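Trainee: Just to be clear, the model below is a prediction. Sequence and coordinates:
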Amino acid sequence: MKLRPVLLLIIPFLFSLSLNGQTTGCTDPQALNYNPEATINDGSCVYLATSTTPVMVSRSLPQEVMETSGLICWNGGLWTHNDSGNQAMLYKIDTITGLILQTITLTGAENTDWEDIAQDDEHIYIGDFGNNFGNRTDLKIYITEKSSFPLEGNGNVPAEIINFSYGDQPSFEIANRSNDYDCESLIAYGDSLYIFTKNWVNEQTRLYGMPEVPGNYVLFPLGSMNSEGLITGADVIAGGTEVILCGYKNYNPFIWLLFDFGGSDFFSGNKRRIEFSGMLGTQTEGTSYTFGRNVYISSEKTTVIPARLFRLNTSPWTITVPTGSEGNHKQNRELKMYPNPNDGNFRLELGQGFKPDDYRAVIINSAGATVMKDCSVDLSGGNASISLPELEAGLYLLKVYSNEVILTGRLIVGL
């Protein structure tokens, strides 16, 4: 039999620590360095390079929002705004057609450089903190009450102001697109607002937080992450368990998914980057969760590409057990399979201590796509023979689960 070459990944050994009987380590079964014994996520998970292509909702947004720079989903539509030098207006756009449904003017506000928009149950927040030159001393966030918005038709709403500055900024000399104190990302979480910087020089992002009430605040970094590109938008899922950051590097767009973090320490958990393939030149600027893990992303007009609207779902990368079964599992173990690598034909073995049950299986490829979903597996005898000759050569994540247990393992197909 002729053998096809198999790319074997060498994964650096990552140490785990035991604290009071608990083990720290990578707790995400989709990660290359997953530790099935870990009970505390230490943020060390490492992933295969992953890419996807979002669905295009609108090939060209209306002229009024050509410089769309932020998104929220509220009151039956998406709300966006333009960035520097445009009017102090919010636009409600249709989630299917991208057409404008409503226009709201903020009274007492100016659009020096609006870069993102966020919301909580009662308020909408607009970040006027774009700082390409690195010399602004008038950074602010406008606050409006949702109850002041007309249900339909255009109108005016009043705005209050949060003023802030960076307490760690060493210089205010003009450094156009050559400073690390620009910002385009804002979320509302708990009783606070959080911003993620857009660092032109080191292509990292820093996290700052402030109260969500009017005032004057001096901010200091709460943490940082190597974003490997420019962060231009953010949102947090309902319930606060997942944060999305959008951005680009050399006009190649990407997102970061932050999940399984503790409290507001968003960088403490899993950090997974998803590249957008086939979208070179697209300047993604705004992002918003809608229902569950469904996400919209907007891009502003460039010299060659009009403003556009896209959508995707983050579930393949952030749900580590099948939906609806998360709360029932009592054990999380590594799955035994052999031979591995194989040609799509292999055996599964439960090992000792596992009782017969109704087991089902999911297989996810290295791009995060599910190639086999919720299939029944007969493990009544403690083992099973599997034949999947249609699987292409590559690395897969195989998860077998029941109401009592999750078993995961890396499946290598290459013969």
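Mentor: Structure's in. What do you need?

Trainee: what about the nearest residue to residue 260 once chain neighbours are set aside, distance to residue 77?
Mentor: Excluding the flanking residues, the one nearest residue 260 by CB to CB, 6 or more residues apart in numbering is residue 269, at 4.0 Å. For the C-beta atoms, the positions are set from N, CA and C on the backbone; glycine is no exception. For residue 269, the distance to residue 77 equals 31 Å [CB to CB, to the nearest Å].

Trainee: quick one: residue 61 from residue 400, how far?
Mentor: For residue 61, the distance to residue 400 equals 44 Å [CB to CB].

Trainee: ditto for residue 76
Mentor: From residue 76 across to residue 400, the span is 41 Å (CB to CB).

Trainee: And the two? Which one has more around it.
Mentor: Using other CB atoms under 10 Å as the criterion, residue 76 and residue 400 rank with residue 400 on top: 24 against 12.

Trainee: starting at the chain centroid, how far to the host helix or strand of that one?
Mentor: Under the criterion of DSSP states H and E, residue 400 resides in strand 394-401. From the chain centre to the centre of strand 394-401 is a distance of 22 Å (CA atoms, centre = their mean, to the nearest Å).

Trainee: Low-confidence ranges, the stretch 1-150 of the chain, go.
Mentor: 1-21 (pLDDT under 70).

Trainee: For the closest residue to residue 358 other than its chain neighbours, give its distance to residue 375.
Mentor: Counting by CB to CB, 6+ apart, residue 402 is the residue found nearest to residue 358 once chain neighbours are left out, at 5.8 Å. Per CB to CB, residue 402 is found 13 Å from residue 375.

Trainee: before we move on, the earlier item: what distance do you get for the residue nearest to residue 358 to residue 193?
Mentor: Distance of residue 402 to residue 193, computed by CB to CB: 43 Å.

Trainee: Same question for residue 83.
Mentor: 19 Å.

Trainee: More neighbours: which of the two?
Mentor: Per other CB under 10 Å, whichever of residue 83 and residue 193 has more neighbours is residue 193, with 25 against 20.

Trainee: Is the more buried one bridged to anything, and to what?
Mentor: residue 188, residue 210 (DSSP bridges).

Trainee: Equivalent analysis for residue 308, please.
Mentor: Bridge pairing for residue 308 - DSSP bridges - gives residue 299.

Trainee: how many neighbours does the residue nearest to residue 358 have?
Mentor: 20.

Trainee: Over to residue 390?
Mentor: 8.

Trainee: Please identify which helix or strand holds it.
Mentor: Using DSSP H and E, no helix or strand contains residue 390.

Trainee: now it: how far from residue 363?
Mentor: 11 Å.

Trainee: Quick one: residues contacting the residue lying closest to residue 130 once chain neighbours are set aside.
Mentor: If the residues on either side of it in the chain are set aside, residue 130 comes closest to residue 113, at 2.9 Å by CB to CB, 6+ apart. Contact partners of residue 113, counting by CB atoms under 8 Å, 6 or more residues apart in numbering, are 83-85, 128-132, 136.

Trainee: can you check residue 218 too?
Mentor: Residue 218 touches 164-167, counting by CB under 8 Å, 6+ apart.

Trainee: Could you give the backbone dihedrals for it?
Mentor: With angles defined as degrees, to the nearest 10, residue 218 sits at phi -110, psi 120.

Trainee: I figured residue 33 was touching residue 43, is that so?
Mentor: No: judged on CB atoms under 8 Å, residue 33 makes no contact with residue 43 at a distance of 11.6 Å.

Trainee: Quick check: residue 300 vs residue 311, distance?
Mentor: Relative to residue 311, and taking CB to CB, residue 300 is found at 17 Å.

Trainee: Give me the more crowded residue out of those two.
Mentor: residue 300 (23 against 16).

Trainee: For that one, give me the pLDDT.
Mentor: Residue 300 is assigned 98 on the pLDDT scale.

Trainee: Check residue 335 too.
Mentor: Confidence score, pLDDT, at residue 335: 76.

Trainee: and it, what does it touch?
Mentor: Neighbouring residues of residue 335 by CB under 8 Å, 6+ apart: 348, 398-400, 407-409.

Trainee: same thing but 7 Å
Mentor: 348, 398, 400, 407-409 (CB atoms under 7 Å, 6 or more residues apart in numbering).

Trainee: same deal with residue 347?
Mentor: 337-338, 383-385.
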